[in-house]
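J.: Below are the sequence and a predicted model for it; my questions follow.
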Amino acid sequence: MDKQLTFTYEIMDVCLLAGKIMLQSGAETYRVEDTMTRMASAFGFSHSHSYVTPTGIIFSVEGKEPTKTKLIRIAERTTDLEKVALVNGISRKISSRELTADEAYESLKEVEQAKHTYPFWLQALAAAVSSGCFLIMFLGKWVDFLPAVIAGGTGFISLIYFHRLVPIKFFSEFIASFIIGLIAFIFVKTGTGLEVDKIIIGSVMPLVPGLLITNAVRDLMAGHLVSGLSKGAEAFLTAFAIGSGIALVFSLFAV
């Protein structure tokens, strides 16, 4: 394999790794494609093409040799905007000629392996407190603040636990919302809480896919119809799972 062909594949690997990290971390489709194209152009490949969907990336470059194309699959997606910012920073350094291909690849590998997420207990605590704050924001009573905190925190813990048992988002979201509704009914029936609807609304807010909905709309506005519709469908399924869990509680326990 000649040096030019080896260099071409190295640049493709750098661009694909950057795109993979960004897509797995919650970046919009158009941002991923733009970053990959800019990085390739900075390394001398002005004619590159990327096609990004929520589950895969196809990237090709054109040069003196026949067009080279690579495909990678995306299995897991989460929200880690710090990684998106770090990859954007590396992309800017590449554009300003501060990093070579090897240095950029090593920097991206460090970003991929880094753990930027907060500890699980802190995430659960934040979900619990935010549930109580959402209740107050929706004009709930202060007496319902603690029930919303407990219901929201328990629901978030249930979401993570059941998703680890069965890696199907719909199942874990359905069970978590059912548990939230059940806890809210228990508080109201025992006289500890007053308004079951406000407790439930505040408690399910940490489960709502806000970033996914935002990215779906932004991708649609940017003309990425496939990615926008697929993300919108994923957000709809999440909303449907949450609503189904709460509806089951009402159908079983409401009088």
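T.: The structure has been received and is ready for your questions.
J.: Break the chain into its domains for me.
T.: Domain assignment for the chain by automatic domain parsing gives 3-113, 120-253.
J.: Pick out the shakiest of those domains, pLDDT-wise.
T.: In terms of average pLDDT, domain 3-113 trails the rest of the domains of the chain, at a mean of 87.
J.: Show the end-to-end separation of it, please.
T.: Chord length of domain 3-113, first to last residue, is 29 Å (Cα to Cα, to the nearest Å).
J.: so residue 57 makes contact with residue 35?
T.: No - using Cβ atoms under 8 Å, residue 57 is not in contact with residue 35, being 11.3 Å away. Placement of C-beta: from N, CA and C, glycine included.
J.: joint contacts of the two?
T.: Shared contacts of residue 57 and residue 35 (Cβ atoms under 8 Å, 6 or more residues apart in numbering): residue 19.
J.: Is it possible to get a markdown table of the domains of the chain that adds mean neighbour count?
T.: Rendered in a markdown table, the data for those read as follows (neighbours: other Cβ atoms under 10 Å):
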| stretch | mean neighbour count |
| --- | --- |
| domain 3-113 | 18 |
| domain 120-253 | 19 |
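J.: Over to residue 141: give its phi and psi.
T.: Main-chain torsions, residue 141, degrees, to the nearest 10: phi -90, psi 150.
J.: Might you report the residue contacts of it?
T.: Residue 141 makes contact with 194-195, 198, according to Cβ under 8 Å, 6+ apart.
J.: closest to residue 216 among those residues?
T.: For the contacts of residue 141, the closest approach to residue 216 (Cβ to Cβ) belongs to residue 198, at 27.9 Å.
J.: Same question for that closest one, what's its three-state structure.
T.: helix (DSSP: H, G, I helix; E, B strand; the rest coil).
J.: so how far is stretch 44-58 from its chain's centroid?
T.: With Cα atoms, centre = their mean, to the nearest Å as the basis, stretch 44-58 stands 20 Å off its chain's centre.
J.: Between the two ends of it, what distance do you get?
T.: The first residue of stretch 44-58 is 19 Å away from its last residue (Cα to Cα).
J.: Ok, stretch 216-225 next?
T.: Termini of stretch 216-225 sit 9 Å apart (Cα to Cα).
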